[in-house]
Structures are given as C-alpha cells and as structure tokens.
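Chemist: Turn this into a model:
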Amino acid sequence: MLTVWSVLVPILSSLVVQGHNHRGIQEPFPPENLIFDVNTQNIDLSKEPWTSKYGSQTDLGYSGPLSFSHFNYRKCLEDASVPFDIGIIGFPFDTTTSYRPGARFGPYAIRSGSRRQHLDTGRGYTLAWGSSPSDFGTSLLDCGDAPLTAYDNAKAIDQMEAAYSTLLSRPVFGGTSESYKEKTRTFALDGKEHPRIVTLGGDHTIVLPILRALNKVYGPVSVIHFDAHLDTWAPSGTTVQEGITHGSFFAVAAAEGLMTNTSIHAGIRCKMTGIGDIEHDDTVGFQVISTDDIDDYGIRKVIEKIRQRIGDKPVYLSLDIDVVDPGLAPATGTPEVGGWTTREVKRILRGLSGLNFIGADIVEVAPAYDSADITGIAAADIVHDFLSMMLVDEPPKPHIGPFSERDLLH
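Modeler: Residues are numbered from 1 along each chain as shown. Sure thing, here's the model as predicted:
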C-alpha cells in the first residue's frame, strides 16, 4: 500500500543528489570552476550576428546589473581583488525605527534611482560642479550590501561595525593620474591613507556602528548632520539595546567619546518637549541650524556657519532624506512638513566642498512610501554630490554664462 512518505522520500532523495554535493550543500550552477574557452570552441565573437552588427553589449540606463551609477561591482567583504578610494556599501537595516519601517529597502531604491547616472563611462559632468567624480584619478567601487540580521539589533549593529571596519582597513587604489590627491592620511592615527565609504541606509541608527569604526582609525570626529530631527535624545527603556534607536544614537555615540563637541545640525524642524531638548543637544556637542534659518539668513550664511563650526577637523557627513520636504521626498519613515528643497540641500553640499570629509551616508529612504521613485532618484543624485564634494578642494565657482561676478547676490 502506497503512503505519502513512500512517494516523497525518493523525490526528496533525488533533490539532494541533483544540485547538492556530498554534504548536502547546494553547489552553484554552473560550477564556479567551469571555464569556457571560446578559442577551443572556435567561437569568433567578431563574426557573430550581434557583435558584427552592433558591437559591445552596453548597459542602458534601465538595464544591466543593479550597482550605483553602473559602477564596477564587487562583494567587497569577501572579495578584496579590486582596490578602491571611495566605496559604496549598503546597510539594509530598519529595526530601530520609531514610526514607519521600510528603510531596509533604501539601498536598493537609491541604486535604482541612480541608473541614469552613467559614472562608469565618465558621464558625470555637471554645470553645478564643473567636473565629474570620474575626473580625479580615483577608483570608485560599489561594494554591495552587508548581509545584516533582521532579528537581533545588537548583532546587526556589530555586523555593521565589522563591515565598515573591514572596508576602512583596505589599501587604497591610489590613483593613476596627477589629479589624484590623498585626503585622509593627515588625520589617520596610523598615518596611512584609508578608503572613504559612502553608506546607503537603512535607518539612522547605522551611524553608531559607523562612528565606532571610524573612531578606531581617526579618533573622535565632528559630524555634519542634515535632518528634520535632532537624533540626540537620551536613551530610554529597560534594556541597553532598547535605548539605541534612530532617535538616540548620537547621544550614545557622544557618551562613548566618538564625537567632538563641534558638530552641527542642518534643517531641524521637529516637534520637541521643550527647550530642554535643545539644551541636552548642546551637551551632546551640536549646534542647530533650523529649517527656517535658510529664509532668515540665506544659503550663503548657512554654509558659512557650518564651515566655521567644523574648521579643519576630520568630519563625517550624515544626511537623513527627511531633511528634504516630504512633498519632494515622501519616502521616509518620519516625515516633517516644511523642509528644504532638494536644490537647497544640493547647493549647501557644494558649499561644503573642501572640508576634510572622511565618509558620508544617506539614510531613512523607505521606498514603500514613494511616488514615481522620486525619493530614490533624489537620494541617488545627492550621493553623486557626496562623491564630488569629497574629491574637490574647494566649492565650485558659480556658473557664468551670460552673467558676471557683479551680478552675484550678496
């Protein structure tokens, strides 16, 4: 008499044999060690229908593997074969959010938003910058995403610190032209040049493990923090881990001695319990530039005050996409109306060029709340600005065109 098990066991056994090795571990298909020599197979690519008529297989803006701006892609945490000066890494983590989760999909959304940016072919020149990130003899590499647990925040934070420390410890490419310049050797405790990492979040808590990793290389650093929220609230809850959230991580970082007392916020407009929140923020080491300050003092003064606060110290830049008004970037977990425009944020970033940046991130992009991918596209364009901002020595000059310096607003 047939039973369910008498039928299933042979089928399951065949599945173990087919596609798995003797230990029952699935083998890649085709096998990784299979090398197909086109010469021995008498394949002449130049005479095949595609190549003979159309040439190389070029990726379009909407095709090809998903890497940031079509960068060269490696899983850098397990592959050190390609040296880099600036690396992109994704931290798909969102389990310390207080309102709307979903930022674990942020790295994917930002890369998707970057598909029209063909920096791999050098098509990154803009009038705003007067240059392209590919003009500086620098190796730019997409290092993929760190595979973070979604079930244990303490472990995930440790994984992020380990991933960031791994990339920081890699040797830099070092440039192939006279235009390449070292940027971090002067500030590193070991006197060596280190890669700079642009991190795609993820919720804002990812900055805590990043600052822990940076501290091992540079000691305490200053932070420029673009956000609608302070993120310096004192930890609360009944356990240590419960106190680490995307609203308290800066307070934790300050308590651990990871930051200087010369950090600054830009774009603050959140609801608070009172002036006590600002007073506590000051003890953490921040000055506040509010959203409304841009109307009262103008972009030039905002840039000037940030630069004065940071000076010549090593600085890390962290940008929460909710600094942008939700009408222009709705895909975020804790939207606050009345934010800066994307153009204003981009203009301020240009004005910060030449500061001693050791890394940057963009966080809190949660594409489930997006419309027509506008937040992912905005975030990707801001990352493009990060790259230029970290490579040029000073803010770019205003576009001239039909204007002259006499026409500039002061």
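
Chemist: starting at the chain centroid, how far to stretch 299-314?
Modeler: 22 Å (CA atoms, centre = their mean, to the nearest Å).

Chemist: what does stretch 362-378 give?
Modeler: Distance, centroid of stretch 362-378 to centroid of chain: 14 Å (CA atoms, centre = their mean).

Chemist: I'd like the numbering to begin with 606 instead of 1 from here.
Modeler: From this message on, residue numbering opens at 606, which makes the last subject stretch 967-983.

Chemist: Report the buried residues of it.
Modeler: Buried residues in stretch 967-983, counted by 16 or more other CB atoms under 10 Å: 967-972, 974-975, 979-983. (C-beta placed from N, C-alpha, C; glycine too.)

Chemist: closest to residue 991 among the residues you listed?
Modeler: Nearest to residue 991 among the buried residues of stretch 967-983, counting by CB to CB, is residue 967 at 7.5 Å.

Chemist: in which helix or strand would I find residue 851?
Modeler: Of the helices and strands defined by DSSP states H and E, none includes residue 851.

Chemist: what's the pLDDT at it?
Modeler: Looking at residue 851, its pLDDT reads 93.

Chemist: do residue 941 as well
Modeler: On pLDDT, residue 941 comes in at 96.

Chemist: And the helices in the protein?
Modeler: Remark: helices assigned in the chain by DSSP state H are 609-622, 654-659, 711-718, 758-773, 812-823, 854-860, 880-889, 898-915, 947-956, 979-996.

Chemist: returning to that earlier point: now, which of the buried residues of stretch 967-983 sits nearest residue 1005?
Modeler: Checking those one by one against residue 1005 (CB to CB), the nearest turns out to be residue 983, at 27.1 Å.

Chemist: Please give me every residue in contact with that closest one.
Modeler: For residue 983, the contacting residues are 718, 926, 929, 933, 934, 947, by CB atoms under 8 Å, 6 or more residues apart in numbering.

Chemist: rerun that using 7 Å as the cut-off
Modeler: Applying CB atoms under 7 Å, 6 or more residues apart in numbering to residue 983 gives the contacts 929, 933, 934, 947.

Chemist: can you redo those residues as JSON lines with neighbour count?
Modeler: JSON lines is the format used below for those (neighbours: other CB atoms under 10 Å):
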{"residue": "929", "neighbour count": "28"}
{"residue": "933", "neighbour count": "16"}
{"residue": "934", "neighbour count": "28"}
{"residue": "947", "neighbour count": "21"}
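
Chemist: from those residues, which two are the most distant?
Modeler: 934 and 947 (7.0 Å).

Chemist: and residue 913, how many neighbours?
Modeler: 11 (other CB atoms under 10 Å).

Chemist: Can you give me the distance of it to residue 859?
Modeler: 21 Å (CB to CB, to the nearest Å).

Chemist: same check, this time on residue 740
Modeler: 37 Å.

Chemist: Of those two, which one has the most company?
Modeler: residue 859 (21 against 17).

Chemist: surely that one meets residue 890?
Modeler: Yes: applying CB atoms under 7 Å, one finds residue 859 in contact with residue 890, separated by 5.7 Å.

Chemist: rewinding a little: want to try TSV for the helices of the chain, with mean pLDDT as columns?
Modeler: Converted to TSV, the helices of the chain look like this (pLDDT from 0 to 100):
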stretch	mean pLDDT
helix 609-622	48
helix 654-659	88
helix 711-718	96
helix 758-773	96
helix 812-823	98
helix 854-860	96
helix 880-889	96
helix 898-915	97
helix 947-956	98
helix 979-996	97
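
Chemist: wait, which of the ones you listed is closest to residue 1015?
Modeler: helix 898-915 (7.9 Å).

Chemist: who touches the closest one?
Modeler: 827, 829, 867, 869, 871, 892, 894, 945, 949, 952-953, 956-957, 960.

Chemist: Show me the shaky parts of the stretch 656-805 of the chain.
Modeler: 780-782 (pLDDT under 70).

Chemist: Neighbours of the residue nearest to residue 655 when sequence neighbours are not counted, how many?
Modeler: Excluding the flanking residues, the one nearest residue 655 by CB to CB, 6 or more residues apart in numbering is residue 662, at 7.4 Å. Using other CB under 10 Å, the number of residues around residue 662 comes to 9.
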